[in-house]
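>>> Kindly generate the corresponding structure for this input.
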Amino acid sequence: MWKSVAGELLPTVVRAHLDEACCSRFPLPVRVGFAAVLPATAYAFAVGVSTTTGQSVVLTLWLALLAAAMLIARGRGWRCSVNAMVASGVGILIPALNDVFNGRMPPESVRVIPLLVSAGATIGLIISVYVRFFIEGVRLRRVARA
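A predicted model of the protein is given here:
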């Protein structure tokens, strides 16, 4: 059984990716452009309402980590979502811990950090699903009835 699975796995994966790359109605640069709209818009809005340079730096760090994480996975598969969640959580965690350790945030605020990281990971998941939608596309197939 494993021989048949191993023998069919690689050709199936290659065929599926070639089929998606060759048969998509939109070329890859167009799909990447649409995929970048939501993160770039969220970043522009957040930087627009930020009041200090420190907040802008934190937002830039967050977007850079999020973009790098999704680029590593090429915007495909569960790896894109996991990378985006971890990067977004770390992007929130680093500045929060920096504020706690440098005395800008009271030590009691450490209890809020897990909630901030969870919110950041959720935002990363939402953005990764959006990116995956444009990069991978959605293909609905009609089920054949017997």
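>>> what ranges do the helices span in this protein?
In the chain, the segments counted as helices under DSSP state H are 2-23, 28-49, 53-72, 77-101, 113-136.
>>> For the longest one, buried residues please.
By neighbour count on 16 or more other Cβ atoms under 10 Å, the buried set for helix 77-101 is 80-93, 95-96, 99-100. Backbone N, C-alpha and C define where each C-beta goes, glycine included.
>>> before we move on, the earlier item: would you single out the least confident of the helices of the chain?
Per-stretch averages of pLDDT across the helices of the chain put helix 2-23 at the bottom, with a mean of 60.
>>> For residue 110, which residues are in contact?
Residue 110 makes contacts with residue 100, as judged by Cβ atoms under 8 Å, 6 or more residues apart in numbering.
>>> And residue 113, by the same measure?
For residue 113, the contacting residues are 93, 96-97, 100, by Cβ under 8 Å, 6+ apart.
>>> cutoff 6 Å now
Neighbouring residues of residue 113 by Cβ atoms under 6 Å, 6 or more residues apart in numbering: residue 96.
>>> and what of residue 32?
For residue 32, the set of contacting residues under the criterion of Cβ under 6 Å, 6+ apart is empty.
>>> how near is it to residue 89?
Applying Cβ to Cβ, to the nearest Å, the value for residue 32 to residue 89 is 24 Å.
>>> ok, now residue 41?
Using Cβ to Cβ, one obtains 21 Å as the distance from residue 41 to residue 89.
>>> cool, and residue 27?
Distance, residue 27 to residue 89, by Cβ to Cβ: 33 Å.
>>> Ok, residue 100 next?
Separation of residue 100 from residue 89 (Cβ to Cβ): 16 Å.
>>> And residue 96, by the same measure?
Between residue 96 and residue 89 the distance, using Cβ to Cβ, works out to 10 Å.
>>> got it, and residue 114?
10 Å.
>>> got it, and residue 121?
In this structure, residue 121 and residue 89 are separated by 4 Å, where distance is defined by Cβ to Cβ.
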